[in-house]
Every structure is written in C-alpha cells, then in structure tokens.
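**Student:** How does the following fold in three dimensions:
(chains A, B and C)
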Amino acid sequence: MREVSRDRIKAFLTLLPSIVLIGIFVYGFIGNTIWISLTDWGGVAALAEHPVKHFIGIQNYVDLFTGFLEGRFRQDMVNAVFYSVSLLAGAVGLGMFIAILLDRKPKGEDFLRTVFLYPMSLSFIVSGTIWRWMLAPQGGVNILPTYAGFKPLTFKWLSAKTTVLAFNWQNLLQIGLYLVAVITIIIGFIVYRNSRSKSVKWLAIGALSGLTAWIGGDMLPKALILEEIHGFNLATLGIIMATIWQYSGYTMALYLAGFNGISQDLHDAAMLDGASTSAYYTHIAIPMLKPITISAVIILSHISLKMFDLIFSMTGPDNAETGHPALNMYLTTFRANEFARGASIAIVLFLLAATFIIPYLITQYKQRRTR
Amino acid sequence: MKSKVNIKTVSYYATLGILVIFFLMPAYMAVVTALKQPGDITLPTSWDLPATLNWASFSEAFAMLRPNLVNSFILTICATAGSTILGSLNGYVFSKWKFKGSEIIFTLFLFGMFIPYQVILIPLFQTLRAMNLYGGLPGLILAHIVYGLPITSLIFRNFYAQIPDSLIESARLDGAGFFSVYLKLVFPLSIPGFVVTSLWQFTQIWNEFLWAITLTRHSENPITVGLANLAGGQAVSWNLPMAGSIMAALPVLCIYIFLGRYFIRGLLAGSVKE
Amino acid sequence: MAEVILENITKSFGKTEVVHNVSAHFHDGEFIVIVGPSGCGKSTVLRMIAGLEEVSGGNIKIGDKLVNNLEPKDRRIAMVFQNYALYPHMNVYNNMAYGLRLQKHSKVEIERRVQEAAQLLQLGEYLQRRPRQLSGGQRQRVAMGRALVRKPEVFLFDEPLSNLDAKLRHQMRVELKKMHKNLGTTMIYVTHDQVEAMTLADKIVVVNKGRIEQIGSPDEIYNAPASMFVAGFIGCPPMNFLPAQHSNGGLSLENGFIIPAKDLLIPSDTRQLIVGIRPEKIEFSHLQRESGWLEVDIDFIEKLGSGKLLYTTIGPQQLILSMANGDDRHITRGWIRFPAEALYFFSHQDGSLLKVKSS
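**Tutor:** Numbering: from 1, shown residues only, chains lettered A, B, ... in the order given. Reported below is the predicted structural model:
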C-alpha cells in the first residue's frame, strides 16, 4: 500500500471516534427522543429500571396544542415567540448601534469594548441572580428615577399579570394567516427595487392569505374547543432586558469585526459618492455585513429557544408568567416525571430550531463547496 | 489639528457614557450589595454605597460554595482538555485531510452545536444511568466533551485552514506521515488555536447549568447549581448570593479581562462565519 | 472642466511631515501623472486633492475655487481606487448609480448616464451582475464607469492598473488614453510605474520623499532629468551612474579609464562628480578599437526579444548596455565608448544635475 493511502486511513480512523460519538449522542439521541415522545412513558413508575412504555402516536403533541391541561405550554410558546423576537430586535439593534459608535474610534475604545462585552462571559445563573435583585419591585431599577427627582416606577418586572397583544388560541390559524400576509407583503415591498416580478409574487401570496383569513376567518377550523386567551406577558420584559444586556455585546463584537474588515477605500468611495455617515452605514456597511447579521440572528434565536438558566435563576422555575417551553420541558420531565410529554416539548423546540438551522447549514455547506 | 468641541462630540460621548452606565449597573449592584452588612440591605437603599465594608460575605459564601467550586474546576478542566484535544485532531482532518464526504460529516457535526440541548436530555440521562455514570462528574465530563466537539472542531478547522497546504506538502515530501505532520508541524503552530478553543470551552462549561442540574447529585453539583441553590433559598440575605455570583463569575471574568483577545476570537469563530 | 492648483501643500501625520511644500499648476484638460517610489507621498497628495485627507498647510484650488474645506462630494471630482472599491452587495448598475441617487438625480437621468457609461466601457451585458462575478478587468471598468457617470471636472486615479496582469494593463492603458482624448477632462493619475507615466502623461510629476523632484513633459523628464533620482527612476533599464574624478586629461573613472576631455563640456568647478549615461546611448563594438574606447568583459546577456541587454562592470559599478538585435554571436568581451553628447553630470553631494558651461 502506498504511504498516502495509509495516511488517509489514519486520518479517517482519527475522526472515527468523534463520528461515532456525534452519531450516537446527537442523531441517535434525537431519534430516541422522537420515539419517546410517541409513547406514554411517565407517571409514578417512570424511573423504574425498565419503565413501561406504550406507543400512542402523536397524542402527546395533540395534547400540547389542543389539550385542556396544557394551556401553560401554549402560553410558554407564545412567551418564547415574543421573547425571541424582542431579543433579536433588541440585541441586534443595540449591538449594531454600539458597534457603529465604536467604529468612530472614540478615546478609550478598548475599555469601552471590554465594558460592553463582559456580560457575555458570565453565566446566566450569575446574571440572573443579579438582575433578579435589580428588578425587585421596590428597589433597583424601579427607584432609579428618584435619583433624577422623579417618582419611582412601580412596575413588577418579573411578576406583572398584565398581558398585551392578547389573542384567542382558538383563532390560531387565522392569526397565523394574518402574520404570513404581513410578512410576505413586507418582503414584497423590500424586493420591489431589485425585481418587480418577484415582488408581485410575494405581494400576491400576502394578499391571498390576508383575504383568506379575513373572509374565511370564521370558517377556519378552531384549534381548541374552549376560548383560551394568550398574549405577551409583560412579566417577561425583565428577562428580555437582562438577555439584551448580556448579548448585545456579542452582536457588537460581530459587527465591529465586520466593520474593521471593510477596506478604507470602500469607505472613501462612499464619501466621494456623497454618502453621509448614516448613508454609509445604512446603504453600504450594514448590507455588506448581511452574513454577520444572519449568523447573529441564528445564534440568538438558538439561545432564545433553549433559554432555561436565566429564567430559572431570575424567577425560579415555577413562575407561570415568565414560563418558557425549555423550562417547561425540564419541569415536566424531571419534576413531574412525565418523560414522554417532556420529550414531545423538546421535539417541538427542536423542530423550531431546525427550521432555520438546517437551511443555514446547507447554505454554509454549499459556500464551502464552491470555494 | 484643531480640537473640535461641539454638540456632536459631546452628545456622542454622552451616549457612550449612558451605555457604559447601563452595562456596568449590575456589576456595581453586585459589588455594593456583597459588601454590605446583611442588616443594611434594604430595597430603597439598594444603590447606596455600603456604610461599613463587610468582607465576611465572601468568606461565608465561599464556605458554602467551596465544594461546588472544586467540582466545577475538576469538571471544567477535564472536559476542556478532552474536547480541545479531540477537536484539534478533528480540525486537522477536516481541513488538511479532506476525503469524499468529509464536508458533509463536518456539516453534520456543526448541526450538533445548534440543537436545543433539551432534545437530547432524556436519552442522555438514561444512557448515563445505564452506564452507571449518572449523578457524578465523569458523566457530566463525558457529555461536555461530546457536545463540545462541534465547536472545537470548527474553531480548529478554521484555524488550520490558515496554515498553507504547501507547508504540509513540503513536510510530506520530507517523509512525514499523518501523525508526524500533526506532532511536528501542525500542533506547534496551533498553540494560539489551543488557547482560543480552551478558553472558549472553559467559559462555556463553567457557565453551563441545564446538564449540571439534571445530571449530578447534590454533592457533585458544579458552581452554577450551587449558586442557584444559594440564591433560590428565600431566607438568605442578598449579600451572600451577590458574593457567590462574584465568585462564580471571577474565573471567567479573569479570562475575559486578561485574555480578552482570545476570547473574542472564539466568540467570532462560534458564529461559523469563515 | 477645471485646472487644479496646489500651493505649498504640506501634510503631517502626528509629528512627521510626509508631504513637504508641494506646489504645482495642472492645466485644464491635461493628463497628469504623479510618479514615485512607494511611500513617497504621491497617494497622499492625491487623497488631499480628493478631500479624503485634510491638508496640514497650503491651499488646493480646483477651477478657481478654494476647496480646502469642501467635502469630497462637493469638489466635482471622481476617483478610481487601486482595489476598485466596488460595493460588493450591489450589482454593476447600482454601483454606478449610487452616487447619482445620493445627488438626487432623476431616475431617467441616472438611467441615461449609466447606460452611456456602460456602452462606452462595454459593460452593457454585465449590469445586473455583482462585482465578484466579474473578472479583474471588468471590475476595473466598473470602477471607471462609476467615476464617469458623475461627469466630474477632474478624474483622480490611484494606481488603478496595478492589480491587473501585464497584458490587460497595457490594454487598459490604451483605453484610458483614448478616454482622455474623447472627454478632454483633467486627469490626475498616481502610479509607481514609470512606463505608465511615460505612456499616459501630458505632464509628469516626479515625487520623492514627499517633495517634487521635477515637473515636465515625458520628453523633458527623460531627456533632461533634473536630478539623479529622476534619471534613475524614469527609463528602463535605468540610467547608468559612474563616479568620476575631474582630471586634466578628462574624466577618470574608478577603474582608471579616462573619458577624453577634448569634446566634453564638463562643469569645471567640481573635482568629483557622477557621470550618467542611458544604456541605449553607450556605443559598443566587438572589434578592437583605439583610444577613447574601453575594453570590457560582458558578464551576461539578457534577451528581450526586441533587443538585448549586456551587463558589464566598471570597477565596482555595474553597467548596462541596451542594444538592438542583430549580431547573435556569443559575446564575452568588447569595446565601449561614451559619446560626449549623451553624458549627464550630477553633483557628488546631492545628486542634482550640474549645469554645463556652454561651449
């Protein structure tokens, strides 16, 4: 055998243990969790050495989305959606803003960068503990205005009962269609400048789904028998704020690295073209860094979907107002010993994550191939 | 150069100043609260500086958290070493010994980095129970090594991509094989890569909570669980959780402050952007 | 259309002054090439004209207007960068149109100007492509197009051809010259390549260490270099320099050979000087000659296709001779002569050209 091919075998053998480990611990386990979610494993004897399991199909999922007892899960899902959207908007927006400020090379840039990034290095348990104290109703953040001569705030950051943007879960399908309509119409307007025909397509989809929801709203199947109101729990605002505090430094670092990678000539060319500073960022720098924005969105969505530690330490595991499916999964599985139900929650989270991770990884893969 | 002090510059630095205050607020709060006498801690005065310094909070919190800190150090050091070394070998193969399908395998590896870990938690729990590893540190170390492989392989792969192929080829013309190229050439060149990766893994593992709370029994709890227990108990006065938080944050904070450059490189590598 | 006037321009970064007291007057419609070795400050001068760097002292006027405090966009200039500086996320059309949109031109006008430029530069079929889908030469054209659509009064070029391969560079040089002829706009072009300077310029500005060494037409610069630096920088292969002593019989070189004084116009007041002669001006013979000719060994020969270069040494100095093809015998030695009318004399101290007494 030639030396080279022997080396190739060595290379493969080196990789093999990792392949096996990832194969089992990632893919095997995901498959196993899917299987568990299709059983009735749970209850008193769940931790027995050979627990009894029966195959019950997708009953766990049906219960989660329509069952009478799982209203809390549905609120958790709604929380997770609002939480993800707010975190994305907040952390990407604030991080981008700070990066633009630092791109002007202020005095003490290194110090500032350190200050904005240090929360990123902390454990969620640490930041959760501190923020819980800061958000206590009669102290911390709420009494800050008194130092400027104003009245203290009285908002209950982590236990407010107020819900805004409430909707009836029964009308889930209709609301979904409205959302699709709004999003596609926005996309339609965005692509209008580049391609009219694509834009028309998007607008048509938007108009169609909007119309279906509007006209056929009452005829659409109901997701539940009873009316069930869910919405944006204001109690999650505190958690959102703490997460933005912790993660906008991360997006800042990403954008700052991106800005530094843009050549001086390109900046100069924009100046010659007559771009003001804000035009430079909105037309040139930020659009150029689209890959960074995508990365940041992916990673932050991933973080917000599995968010567990921060909520656990800020509000304790049992605070219904600030619930999250990731926390619910832990409680269902390891407190209530409802393993199958917990597995189904985990699979819902997984599928949500997969919808944006898989396309992302496929594009990355294709990019690597073409290079 | 004439110095221009105008409204624009002033408002620019003022904005930065407000942001700095927002970002440092929690740190300030943790420090002043930890240094107060338990009796002095009241909500309306939470921003005030301590009247008398109370260093005892730290020794008291340390006494309570010491077993957790020891556990965390053992866990973090072992798991960091394991995942970094394996990641380095994987990265070497992925970047310098590509074979048919290696890119797909690499992509499949990366996927493991982006799953919500809840989805593997139940089988992991069961498997460790079946292997008699449940409840102790070895099981947790194993989990951290395995699920650390995607990110460490990624960082090293990108790091090794910067080593020119011609360097490897000339070593092979000199007669070096797969392992001697790694030991004589790639490994010495990748010390910065090891620093980046191990610092990143260290902070991640040190800060991890979900597995820590589900996979270890009380005596083996790492620091995050210890702190959560300390802070979750209602009776405790707030100086202890704050002192505990500072202690739990200190190792990673030191890494960040003194080796921040490497930490940021790990952070950028984690975003897959090549 | 505009002239460009530099009055005592200086530029300092911190405490170090990199451009010293530069003054020049560029006429309307001229093709100016600023040439010099890398790091000589030529790009800084260009960037100051563009307004990308502030001047530390002196004035810049573009078409009678003092522009020191004008923003780059208000100076009626356009610039082409070495690495093209195209916006990677915009297609070719938008790259060219972006500046016009910011200037609030009408859609029709933008369309008209972009199409016009695209036609001139043969970019018509690439308008929808992104820069990374184009070849180096095409990117170069887009960068030109972006400058063209602005209809500036002055074009500025910062080493625009140095990222192209040799063949393309030559082609673009010709096109650029044509473009200048058609547009008649003032162009200021920075390069380190003396061939580009010679072929493109109406007027060459040779810069060294932040100072102007000489301004003149290509012929003036070549035939009457003001200093050893200019003489050595312009021309390929460069001018030969030989240290010499003034003696009664003529000029004695370091190896003792004496260039006869009888038909020399030597500046008589200096004892030591440096003699310069262009490689193509040295006469060569492989037959033995008498007085006035120097016998040399030919170390090696470089063939260029159209001609050849002979390398020899005089004392410690290398001497290059440029010759037409023809005699292809293997030459190892020969006789050379320095025609008096082809000699330049430079100061031993500062390299400046020594004035010759008129005979």
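**Student:** List the contacts of residue B:179.
**Tutor:** Residues in contact with residue B:179 (Cβ atoms under 8 Å, 6 or more residues apart in numbering or on different chains) are residue A:10. To be clear about C-beta, it is placed using only N, CA and C from the backbone, and glycine gets the same treatment.
**Student:** make that residue A:47, sorry
**Tutor:** The contact partners of residue A:47, taken as Cβ under 8 Å, 6+ apart, are residue A:337.
**Student:** And it, how far from residue A:342?
**Tutor:** Between residue A:47 and residue A:342 the distance is 13 Å, computed by Cβ to Cβ, to the nearest Å.
**Student:** what's the answer for residue B:41, then?
**Tutor:** As judged by Cβ to Cβ, residue B:41 and residue A:342 stand 38 Å apart.
**Student:** Now the terminal residues of stretch B:32-47, how far apart.
**Tutor:** Using Cα to Cα, to the nearest Å, the end-to-end distance of stretch B:32-47 comes to 8 Å.
**Student:** before we move on, the earlier item: and residue B:41 and residue A:342? Which one has more around it.
**Tutor:** A direct count of neighbours by other Cβ atoms under 10 Å in any protein chain shown for residue B:41 and residue A:342 places residue A:342 higher, at 28 against 20.
**Student:** Going along the chain, name the helices of the stretch 1-150 of chain B.
**Tutor:** For the stretch 1-150 of chain B, the helices defined by DSSP state H, counting those that start in this stretch occupy B:7-34, B:56-96, B:102-114, B:118-130, B:137-161.
**Student:** Please work out which of these is packed deepest.
**Tutor:** Across these, averaging neighbours per residue (mean count of other Cβ atoms under 10 Å in any protein chain shown) puts helix B:137-161 on top, at a mean of 24.
**Student:** Tell me, how many residues neighbour residue A:89?
**Tutor:** 13.
**Student:** helix/strand/coil for it?
**Tutor:** helix (DSSP: H, G, I helix; E, B strand; the rest coil).
**Student:** confidence score at it?
**Tutor:** pLDDT for residue A:89: 93.
**Student:** Then residue A:221?
**Tutor:** Note on residue A:221: pLDDT of 69.
**Student:** biggest helix in chain C by residues?
**Tutor:** Identified as the longest helix of chain C according to DSSP state H is helix C:166-183.
**Student:** what's that helix packed up against?
**Tutor:** helix C:136-148, helix C:194-200 (3 or more Cβ pairs under 8 Å, 6 or more residues apart in numbering or on different chains; DSSP states H and E).
**Student:** quick one: buried residues of the first one?
**Tutor:** Going by neighbour count (16 or more other Cβ atoms under 10 Å in any protein chain shown), the buried part of helix C:136-148 is C:137, C:138, C:139, C:140, C:141, C:142, C:143, C:144, C:145, C:146, C:147, C:148.
**Student:** picking up where we left off before, chain center to the longest helix of chain C: distance?
**Tutor:** The gap between where helix C:166-183 is centred and where its chain is centred comes out at 15 Å by Cα atoms, centre = their mean, to the nearest Å.
**Student:** what angle do it and helix C:136-148 make?
**Tutor:** 20 degrees (axes from the mean of the first three to the mean of the last three Cα atoms, to 10 degrees).
**Student:** partner strands of the worst-scoring helix or strand of chain A on mean pLDDT, parallel or antiparallel?
**Tutor:** Here the helix or strand of chain A ranked lowest by mean pLDDT, DSSP states H and E is strand A:163-168, holding a mean of 78. Here strand A:163-168 has these sheet partners by DSSP bridges: strand A:229-233 (antiparallel).
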